[in-house]
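Colleague: The sequence isn't on hand, but the structure is:
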């Protein structure tokens, strides 16, 4: 399989599977697992090609820029593709069980979810009486309805992500970003509750507005440089007022989509109200799509505009996000909201990459550290949200204070939560540690000690909110709760991902070598002669 | 930069974008906000067309026009999705605005009070 075929499979197979899953709703899970196999294989093949031959470019239809669309894979692209394939596989394994398991548990959700079942006040008492009899039937319809639309939407989301990570021009990035947003918003709405619907609509408004800001910026860039192709932009960009306005518009839009403080307000309700597998996808992958575009924009297309002030500005927002998100996570009373606020905080670390990688000294160290951290967070956060889904299912709620003794009931899930928490805090030997270690080293090598202080306080706060959950989980109770039975695959998938988040730490050197292919920043992985 | 004939379109596009964004921020009604997004989108498209007309000679640059066509398709999809979702929100909450109290809404199990807006929507 050549690189061109691998790239084609990466986009076309989830797209075809999405269409098929829409036509054959009962085959959704198998289509998703098949997609995971094909996409996984293609990603591995593309990774080998990139490692052997460098950056791979595929001119769709043989046109080439400016009229044609180029698809491009470098180290960063393949890393994102591999992470996506991994999370996609985990969600494919868990999701059906999640929807099946959930039906037995949440009868009240079935009643309040759609216009069909919303009674007007005159019929209310009557419908209450009949609801007991029809409850079972409506629950089954509800679950079928939700699962039926979950698979095509999930596969569309996967298509959009793969296309985004392979796009090489600003306009194609816009289109894939919109596709990603549509699929993500609809997946949030899938939970059907009024809180989820409200959160989804608010998310859609933010997402669409942000896209329009980005699109206006792209237009100005085209007017100035007469191209939107990322590699050509670097050569043609002349700093000037028009380009600054364009970049400000694009960056503002992308920051809102990446939920960086202070534009994070939409994230916690959207991520906490979505079904657990969807929350996992959103936190692990969707917000990172916008972060990825920001990296391409500032480091690859317009490195000439990346002044120290800009870099410090990104770092400052990231630092506030770390502290604000962590403190908020600490005071949440619901497990899923706690995890969602933790995402706000962890996204802040990614933005520390800007001030640290923009510097010559130790630039690549920070670049690889930030991106290893991204992979670590994707695995750990997926594991955490899947665990939260298990707890929600077993206990029937996710109120922290009532989760005492849950470890007796769900030992595997709680262990998975603890392991992923370890990676979030950044304890060795987890991959979260590897990423943070590289970022810390870069900050020290460059004398930017203030980021060190922020990162360490963020770790302390993360330890506090993870321990807060574990303390409840390990509290001895006289009468253990009677849990709803839970399919083993849901627990073990979460554990596998959490273990991977830890084990990836040992592969960080390989990951850094992969990231070096086509990286816009150069330098050694570790300073002080420690590199081979 | 576009010449004087085209600059007016560029400025009009930017003005539309600003008007749309302003309404999006200050209006609460969901339909108004969706329309505001469409006005913003039209502004962006107008900017693209104005920038495409700037090339010397009479033949405009086709690339921004192709982009606008793509953008219109995306914008139609976005409007459809937003309308469908707004409809569901109205059916679930009985309101045509986004409330500030999602958590409160989450806790109350009461069925939505029918409002005059509720009557307007055809029940599918």
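Modeller: Arrived safely. What you see is a predicted model, and the numbers here were worked out from it, not measured in a lab.
Colleague: Tell me, how many residues neighbour the closest residue to chain A within chain B?
Modeller: Nearest to chain A, among the residues of chain B, is residue B:91, at 3.3 Å (CB to the nearest CB). C-beta coordinates here come from the backbone N, C-alpha and C atoms, glycine included. Using other CB atoms under 10 Å in any protein chain shown, residue B:91 is surrounded by 21 other residues.
Colleague: That one: what secondary structure?
Modeller: Assigned by DSSP: H, G, I helix; E, B strand; the rest coil, the conformation of residue B:91 is helix.
Colleague: all helices of chain B, in order?
Modeller: Taking DSSP state H to define them, one finds helices in chain B at B:4-26, B:30-52, B:62-93, B:102-107, B:116-120.
Colleague: Equivalent analysis for the stretch 351-500 of chain A, please.
Modeller: Under the criterion DSSP state H, counting those that start in this stretch, the stretch 351-500 of chain A carries helices at the ranges A:353-357, A:363-395, A:406-409, A:411-425, A:431-445, A:449-474, A:488-503.
Colleague: what helices or strands is the fourth one leaning on?
Modeller: Read it as helix A:411-425. helix A:363-395, helix A:431-445, helix A:449-474, helix A:488-503 (3 or more CB pairs under 8 Å, 6 or more residues apart in numbering or on different chains; DSSP states H and E).
Colleague: can we see that at 10 Å?
Modeller: Where contact means 3 or more CB pairs under 10 Å, 6 or more residues apart in numbering or on different chains; DSSP states H and E, helix A:411-425 is packed against helix A:335-351, helix A:363-395, helix A:406-409, helix A:431-445, helix A:449-474, helix A:488-503.
Colleague: what's the least confident stretch among those helices?
Modeller: Of all these, the minimum mean pLDDT falls on helix A:406-409 (a mean of 85).
Colleague: what's around residue 82, how many residues?
Modeller: Picked chain A for this. Residues near residue A:82, counting by other CB under 10 Å, number 20.
Colleague: wait, chain B
Modeller: For residue B:82, using other CB under 10 Å, the count is 22.
Colleague: For it, which non-adjacent residue is closest in space?
Modeller: Counting by CB to CB, 6 or more residues apart in numbering or on different chains, the nearest residue to residue B:82 once its immediate chain neighbours are dropped is residue B:34, at 4.8 Å.
Colleague: if I read this right, the one you found contacts residue A:205, doesn't it?
Modeller: Yes: counting by CB atoms under 10 Å, residue B:34 touches residue A:205, with 8.6 Å between them.
Colleague: what's the overlap in contacts for the two?
Modeller: Common contacts of residue B:34 and residue A:205 (CB atoms under 10 Å, 6 or more residues apart in numbering or on different chains): B:24, B:82, B:85, B:86.
Colleague: how about CSV for those residues, with pLDDT added?
Modeller: Putting these into CSV (pLDDT from 0 to 100) gives the following:
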residue, pLDDT
B:24, 95
B:82, 96
B:85, 95
B:86, 95
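Colleague: List the contacts of the residue nearest to the spatial centre of chain B.
Modeller: With distances taken as CA atoms, centre = their mean, chain B has residue B:37 as the residue nearest its mean C-alpha position (1.8 Å). Residues near residue B:37 by CB under 10 Å, 6+ apart: A:204-205, A:208-209, A:211-212, B:20-21, B:23-24, B:75, B:78-79, B:82.
Colleague: got it, and residue A:359?
Modeller: A:308, A:311, A:365, A:366, A:442, A:443, A:445, A:446, A:447, A:448, A:521, A:523.
Colleague: what's the answer for residue A:519, then?
Modeller: Taking CB under 10 Å, 6+ apart, we find residue A:519 in contact with A:74, A:75, A:76, A:299, A:300, A:357, A:363, A:364, A:367, A:368, A:371, A:512.
Colleague: Three-state assignment for the closest residue to the first one other than its chain neighbours, please.
Modeller: On the basis of CB to CB, 6+ apart, the spatially nearest residue to residue A:74 that is not a chain neighbour turns out to be residue A:518, at 2.9 Å. Following three-state DSSP, we place residue A:518 in the coil state.
Colleague: Show the contacting residues for residue A:518.
Modeller: Residue A:518 neighbours (CB under 10 Å, 6+ apart): A:50, A:54-56, A:72-78, A:231, A:300.
Colleague: one more time with 8 Å, if that's ok
Modeller: Each residue near residue A:518 by CB atoms under 8 Å, 6 or more residues apart in numbering or on different chains is listed here: A:50, A:54, A:55, A:74, A:75, A:76.
Colleague: Stretch A:387-405 and chain B in contact?
Modeller: No: with CB under 8 Å from any CB of the partner chain as the criterion, chain B is not reached by stretch A:387-405; the gap is at least 11.6 Å.
Colleague: May I see the buried residues of that stretch?
Modeller: Residues of stretch A:387-405 classed as buried under the neighbour-count rule (16 or more other CB atoms under 10 Å in any protein chain shown) are A:387-395, A:398, A:400, A:403-405.
Colleague: Can you give me the first-to-last residue distance of that stretch?
Modeller: 15 Å (CA to CA, to the nearest Å).
Colleague: Could you do stretch A:163-175 as well?
Modeller: Terminal residues of stretch A:163-175 are spaced 9 Å apart (CA to CA).
Colleague: got a list of contacts for that stretch?
Modeller: A:7, A:10-11, A:57, A:65, A:69-73, A:77, A:80-81, A:84, A:176-177, A:179-180, A:211, A:214-215, A:218, A:221-222, A:228-231, A:233, A:250, A:289, A:292-293, A:296-297, A:301, B:67, B:70, B:74.
Colleague: Narrow the contacts of residue A:359 to those that are buried.
Modeller: Listed as buried from the contacts of residue A:359 are A:311, A:365, A:366, A:442, A:443, A:445, A:446, A:448, A:521, A:523; burial here means 16+ other CB under 10 Å.
Colleague: Look up how far residue A:456 lies from the fifth one.
Modeller: Remark: distance between residue A:443 and residue A:456 (CB to CB, to the nearest Å) = 10 Å.
Colleague: shouldn't residue A:523 be in contact with residue A:366?
Modeller: No: using CB atoms under 8 Å, residue A:523 is not in contact with residue A:366, being 9.0 Å away.
Colleague: In chain A, where is pLDDT below threshold?
Modeller: Within chain A, the stretches with pLDDT under 70 are A:1, A:65-66, A:100-144, A:526-532.
Colleague: Can you show me the strands along it?
Modeller: Secondary structure of chain A by DSSP state E: the strands cover A:56-59, A:70-73.
Colleague: Up against chain B, what does the stretch 201-350 of chain A have?
Modeller: Counting by CB under 8 Å from any CB, the residues of the stretch 201-350 of chain A lying close to chain B are A:201-202, A:204-205, A:208-209, A:212, A:215-216, A:219-220, A:222-223, A:269, A:273.
Colleague: same thing but 10 Å
Modeller: With CB under 10 Å from any CB of the partner chain as the criterion, the stretch 201-350 of chain A meets chain B at residues A:201-205, A:207-209, A:211-224, A:226-228, A:242, A:249, A:268-270, A:272-273, A:334, A:337.
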